[in-house]
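> below: sequence and its predicted model.
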Amino acid sequence: MEVVIVPDAAAGGELIAEAMADLLRRKPDALLGVATGSTPLPVYEALTAKARAGAVDVSRARIAQLDEYVGLPAEHPESYRSVLRREVLEPLGVGMDQFTGPDGTAEDVQGACEAYDKALTDAGGVDLQLLGIGTDGHIGFNEPCSSLASRTRIKTLTEQTRIDNARFFGGDIEQVPHHVITQGIGTILEARHLVLLATGEGKADAVAATVEGPVAAVCPASALQLHPHATVVVDEAAASKLKLADYFRHTYANKPEWQGI
Ligand SMILES: N[C@@H]1[C@@H](O)[C@H](O)[C@@H](COP(=O)(O)O)O[C@@H]1O
């Protein structure tokens, strides 16, 4: 696992957007796994800026969704499909025909989960999966004690996650669904490159557990330690509880420039 400490969220967004752009230059139809929440927004802004400046061609890029609320109509502004259309696809000018995501409205939720897991494999697998992290260490919607081998499935949200996400629903926790579909941790680990972005002091404990704690289902993001190519990008505040921060700074500053993240 590589840990990159950046000065602020914008720098993290630029670094990750450049990794995505570099991937798309080598593989124009790469499958990018994208995440919701506020943390990844600087990545999408930076990638959009590169596309508009002609620094990368995103016209053949494919986009895959990480997780979704169950029961929200697809056109609900806070369904993750709507959020990704608004924050990622439309700014990039990528059509919905290049997008794949789980069906949070399906009557057969389990069938929808299995279908989505298979769709990712059939698409050749995710090339780069961007992840945020919950305050409790969740990735996607894999709450603490999710199986590290889990596949795409339905999960029940913890009260804390519903409180955290209520801000997207006018501050009304009652509007936040209890159930979600999420790529499993085993599913996420099949992506070729995992990039987790965490910013702000509120994520510092979760980041320390992810990077320096044991691999343990109680901190789902710690599963990144099992992946051969995982990058954790953190701002100074999110890095503030890392004991090895100086070591991470030193190794990143001295790595070969051509290597990227
Ligand atoms: N399912 C999403 C996660 O994918 C995201 O990482 C998390 C953190 O969101 P934020 O980046 O807004 O803190 O929120 C939700 O729970």
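Sure thing, it's come through. A quick note: this is a predicted structure, and the numbers were derived from the prediction, not measured. Numbers count the residues shown, from 1 in each chain.

> okay, CA-based contacts and neighbour counts for the rest of this
Will do.

> return the residues in contact with the one residue in the stretch 51-200 of the chain that gets nearest to the ligand.
Minimum separation of the stretch 51-200 of the chain from the ligand (CA to the nearest ligand atom) falls at G132, amounting to 3.3 Å. Residues in contact with G132, defined by CA atoms under 8 Å, 6 or more residues apart in numbering, are A35, T36, G37, T39, P40, I139, G140, L196, L197, A198.

> and this structure, which residues reach the ligand?
A35, T36, G37, S38, T39, L131, G132, I133, G134, I139, G140, F141 (CA under 6 Å from any ligand atom).

> for these, which one is nearest K118?
G140 (17.5 Å; CA to CA).

> as a check, name the ranges of all helices in the stretch 101-250 of the chain.
Along the stretch 101-250 of the chain, counting by DSSP state H, counting those that start in this stretch, helices occupy 109-122, 159-165, 185-188, 204-212, 245-254.

> now distance to P177 and mean neighbour count too, for the ones you listed, in TSV please.
Below are the helices of the stretch 101-250 of the chain laid out as TSV (distance: least, CA to CA, whole Å; neighbours: other CA atoms under 10 Å):
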stretch	distance to P177	mean neighbour count
helix 109-122	14	17
helix 159-165	8	15
helix 185-188	21	23
helix 204-212	23	22
helix 245-254	37	13
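
> ok, of these, where does mean pLDDT dip lowest?
Sorting the helices of the stretch 101-250 of the chain by mean pLDDT places helix 159-165 lowest, at a mean of 94.

> which residues sit against that one?
In contact with helix 159-165 (CA under 8 Å, 6+ apart) are residues G134, I173, V176, P177, H178.

> turn those residues into TSV, columns for neighbour count.
Below are the contacts of helix 159-165 laid out as TSV (neighbours: other CA atoms under 10 Å):
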residue	neighbour count
G134	26
I173	18
V176	22
P177	16
H178	17
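
> so which of these belong to strands?
For these, not one is inside strands, with DSSP state E as the criterion.

> report the lowest-confidence entry in those.
For these, the model is least confident at G134; its pLDDT is 94.
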